[in-house]
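A.B. asks: What shape does this take:
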Amino acid sequence: MAYEFEPACRRMEWLDPFYKQVWEKACADAIPISGTFEITPRCNFSCRMCYVHLKEDEISKHGREMSAQEWIDLAKQAKEMGTTWLCITGGEPLMHPEFETIWKEISKMGFFITLQTNGARIPQFQSLFEECPPRAVKITLYGTSDETYEKVCRIKNGFTLVHNGIMLLKQMHIPVELVSTIIQQNFDDMQKMAFYAYMMQVPWASTGGIRASLRGADTHVEELRVHDKNEESQKQQIKHYLEHPINIERKPCTYCKDYRLGYWITWDGYVRFCSFMNEPNISIHNQTFKDAWQQLVDYEDNLDWPDECKTCEVSSVCFKCVATLATNSGSVTQVNPSYCNKIKAYLKQVKEELQQEKQEQEIKQTNKQENEKKD
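C.D. replies: Have a look, this model is predicted:
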């Protein structure tokens, strides 16, 4: 495959140079080297910003939760196709009724497995993780107090439970990473979360990128988003792309690190390009993983921006991935006029700010020259 763009995996600074070459080769040859098994929509928390979680009585309305044997069979096929890195997530994966069976059998297959969890139920599976330790555990940290957890996750003693899980993993010498989604309800706790990670000597990353759920979860984005922070981030991004314009001819999926090498399989058995999306509907139930993977690659290679994006006057500064487009408009095939107008308004503000900065610099330069003449 001759690249017409720099593959996103080339910019994965956290990868060892050897593995970076492996990922780039996988992208070129369309090898599904990295996968995520979202084994359940169940969760013992009820986080306000979650796009996956369904209450138990809602699950049957959206699909059928796959069994342990189905996940095990799928893992065998994925391994044969080249999957090496595997993430097990949810919902809360430890809530799957057959989690222990799934974990034991998949652990025997030789994947580099990362478990993504809220951490609260780790102690209940201590013996399992001692027998079959994950390569790493990624824990969602949403505050540094039980009070903050109650605001964000709507659960009692949330931080206490999570902290106990983290401490146990460290005692077991299992690598831990922390990730935080910042919303209005935990914004004031953000610095404390950073300090907590520092004191625990574990990596920490945060994001304010909240997306509306297309998958049944009850998420009210506008009530959660830290608007001032989001607006400033958008404007800084536009400033960058005024100097480095976006090529709208570049296909949408090519911006993602998982393009042609990664996949996400939903709890009800659909192979997807992105966890936030409810398309494409490539079912794993009526075909092999190999056939489903080829359909996903074809989808990624052929998906294009809506015509409105290609002719839009601000396309050169409007950076968006497939998930941004889909979660703002409901589909990758259409745009949201409200979102488009917001970007146009931000661009206008940025240009006015840049013009004002230019004028101020000119005034300073003029004053400097006049002072030099007087001297």
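A.B. asks: Quick check: closest non-adjacent residue to the residue nearest to the spatial centre of the chain.
C.D. replies: Taking C-alpha atoms, centre = their mean as the criterion, residue 275 is the residue nearest the geometric centre of the chain, at 7.4 Å. What sits nearest to residue 275 in space, not counting adjacent residues and going by C-beta to C-beta, 6 or more residues apart in numbering, is residue 264, at 4.9 Å. For the C-beta atoms, the positions are set from N, CA and C on the backbone; glycine is no exception.
A.B. asks: what helix or strand is that neighbour on?
C.D. replies: Per DSSP states H and E: residue 264 is located in strand 262-265.
A.B. asks: And residue 162, by the same measure?
C.D. replies: Using DSSP H and E, the element containing residue 162 is helix 158-171.
A.B. asks: before we move on, what about residue 36?
C.D. replies: Per DSSP H and E, residue 36 falls inside strand 34-38.
A.B. asks: I'd say residue 129 and residue 173 touch.
C.D. replies: No. Judged on C-beta atoms under 8 Å, residue 129 makes no contact with residue 173 at a distance of 10.9 Å.
A.B. asks: ok, and for stretch 71-80, which residues are buried?
C.D. replies: 71-72, 74-75, 77-79 (16 or more other C-beta atoms under 10 Å).
A.B. asks: next one: stretch 366-375 to chain centre, how far?
C.D. replies: With C-alpha atoms, centre = their mean, to the nearest Å as the basis, the distance from the averaged C-alpha position of stretch 366-375 to the chain average is 54 Å.
A.B. asks: List of residues touching that stretch?
C.D. replies: Outside of stretch 366-375, no residue comes within contact range by C-beta atoms under 8 Å, 6 or more residues apart in numbering.
A.B. asks: elements contacting the strand holding residue 36?
C.D. replies: Judged by 3 or more C-beta pairs under 8 Å, 6 or more residues apart in numbering; DSSP states H and E, the packing partners of strand 34-38 are helix 68-81, strand 85-89, strand 262-265.
A.B. asks: helices and strands around the shortest one, which ones?
C.D. replies: Meaning strand 262-265. Counting by 3+ C-beta pairs under 8 Å, 6+ apart, the packing neighbours recorded for strand 262-265 are strand 34-38, strand 270-272.
A.B. asks: Thought residue 165 was touching residue 123, still the case?
C.D. replies: Yes. Residue 123 is within contact range of residue 165, at 6.4 Å (criterion: C-beta under 8 Å).
A.B. asks: The two: who's more crowded?
C.D. replies: For residue 123 versus residue 165, the count of surrounding residues by other C-beta atoms under 10 Å is larger for residue 165: 24 against 14.
A.B. asks: Which pLDDT value belongs to the more buried one?
C.D. replies: The score at residue 165 is 98. That number is its pLDDT.
A.B. asks: where does the stretch 151-300 of the chain dip in pLDDT?
C.D. replies: When residues are selected by pLDDT under 70, those of the stretch 151-300 of the chain lie in 227-229.
A.B. asks: how about the strands in it?
C.D. replies: Per DSSP state E, counting those that start in this stretch, the stretch 151-300 of the chain carries strands over the ranges 176-181, 204-207, 262-265, 270-272, 282-283.
A.B. asks: hmm, back to that, can you tell me which of the helices and strands packed on strand 262-265 is most buried?
C.D. replies: For these, ranked by mean neighbour count under the definition mean count of other C-beta atoms under 10 Å, the leader is strand 34-38 at a mean of 23.
A.B. asks: What strands flank that one, and is each parallel or antiparallel?
C.D. replies: Sheet pairing here is set by DSSP bridges, and for strand 34-38 it gives strand 85-89 (parallel), strand 262-265 (parallel).
A.B. asks: any chance of the helices and strands packed on strand 262-265 in JSON lines, plus distance to residue 323?
C.D. replies: What follows is the helices and strands packed on strand 262-265, written out as JSON lines (distance: least, C-beta to C-beta, whole Å):
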{"stretch": "strand 34-38", "distance to residue 323": "14"}
{"stretch": "strand 270-272", "distance to residue 323": "10"}
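A.B. asks: Can you tell me which of those is nearest to residue 161?
C.D. replies: For the helices and strands packed on strand 262-265, distance to residue 161 was read as C-beta to C-beta. The smallest value, 22.0 Å, belongs to strand 34-38.
A.B. asks: Show me how far the closest one is from its chain's centre.
C.D. replies: The chain centroid and the centroid of strand 34-38 are separated by 12 Å, computed with C-alpha atoms, centre = their mean.
A.B. asks: Tell me the helix or strand right after it.
C.D. replies: Next along the chain after strand 34-38, taking DSSP H and E as the criterion, comes helix 59-62.
A.B. asks: Now do the same for that following helix: mean pLDDT, whole number.
C.D. replies: Mean pLDDT, helix 59-62: 91.
A.B. asks: again, but for stretch 93-105
C.D. replies: Confidence for stretch 93-105, expressed as mean pLDDT, is 98.
A.B. asks: Could you work out the end-to-end span of that stretch for me?
C.D. replies: The separation between the terminal residues of stretch 93-105, taken as C-alpha to C-alpha, to the nearest Å, is 15 Å.
A.B. asks: quick one: buried residues of it?
C.D. replies: Taking 16+ other C-beta under 10 Å as the neighbour-count basis, stretch 93-105 is seen to contain the buried residues 93-96, 98-99, 102-103, 105.
A.B. asks: same thing with stretch 184-197?
C.D. replies: The neighbour-count criterion (16+ other C-beta under 10 Å) identifies 185-186, 189-190, 193-194, 196-197 as the buried residues of stretch 184-197.
A.B. asks: swap in stretch 115-123?
C.D. replies: In terms of neighbour count (16+ other C-beta under 10 Å), stretch 115-123 has its buried residues at 115-122.
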